[in-house]
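Peer 1: below is the structure, and that's it, no one-letter string:
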């Protein structure tokens, strides 16, 4: 398996864990971040800018947002790559994504509440993305041909 496929395997795992943790905790914890809402808003906003009507059915829009999260996070976490330094790259990517989850929604016009409602919400949002980066880096490292 070449390094690109190995990197994508790790990044897909990281992206899926971010989405799975988010979807599980948002149903069980009142202060959980609602990154799905940010995704739904982003998709609607982009589609309207492109003179396209976004899905009117909330379940369909939610599905699009989850799929978009997995695809975009997979591509992002793939930057962790493989090899002995994949851990560090994954960690840095996770920290950057976590910071972005807290700092970018407001300036992007998506609203701040879904990721910044409470301190607990902020810690959870940051932690999801850090976990995704750590997992992508760990798998990239484990699949590496380097010692």
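Peer 2: That came through, no problem. Nothing here was measured: the structure is a model prediction, and the numbers come from that model. Numbering: from 1, shown residues only.
Peer 1: what ranges do the strands span in the chain?
Peer 2: With strands called from DSSP state E, the chain shows none.
Peer 1: sketch out the low-pLDDT regions of it for me.
Peer 2: Judged by pLDDT under 70, the chain has its weakly predicted residues at 1, 146-147.
Peer 1: the longest helix that the chain contains packs against which elements?
Peer 2: Ordering each helix of the chain by length in residues (DSSP state H) puts helix 3-28 first. Applying 3 or more Cβ pairs under 8 Å, 6 or more residues apart in numbering; DSSP states H and E, we find helix 3-28 packed against helix 35-49, helix 58-77, helix 86-103, helix 119-142. Every C-beta, even on glycine, is put in place using the N, C-alpha and C of the backbone.
Peer 1: go through these and pick out the most buried.
Peer 2: Most buried of these, by mean neighbour count (mean count of other Cβ atoms under 10 Å): helix 119-142, with a mean of 22.
Peer 1: distance from it to the middle of the chain?
Peer 2: For helix 119-142, the separation from the chain centroid amounts to 9 Å (computed by Cα atoms, centre = their mean, to the nearest Å).
Peer 1: so what does that helix touch, helix or strand wise?
Peer 2: Looks like helix 119-142 contacts helix 3-28, helix 58-77, helix 86-103, helix 113-116 (3+ Cβ pairs under 8 Å, 6+ apart).
Peer 1: closest to the centroid, which residue in the chain?
Peer 2: residue 73 (4.7 Å; Cα atoms, centre = their mean).
Peer 1: check contacts around that one.
Peer 2: Contacts of residue 73 were listed using Cβ atoms under 8 Å, 6 or more residues apart in numbering, and they are 11, 14-15, 18-19, 97, 132.
Peer 1: what of residue 99?
Peer 2: residue 126.
Peer 1: likewise for residue 101?
Peer 2: Counting by Cβ under 8 Å, 6+ apart, residue 101 touches 33, 35, 115, 125-126, 128-129.
Peer 1: can you redo these as JSON lines with distance to residue 84?
Peer 2: What follows is these, written out as JSON lines (distance: Cβ to Cβ, whole Å):
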{"residue": "33", "distance to residue 84": "32"}
{"residue": "35", "distance to residue 84": "31"}
{"residue": "115", "distance to residue 84": "33"}
{"residue": "125", "distance to residue 84": "29"}
{"residue": "126", "distance to residue 84": "26"}
{"residue": "128", "distance to residue 84": "25"}
{"residue": "129", "distance to residue 84": "23"}
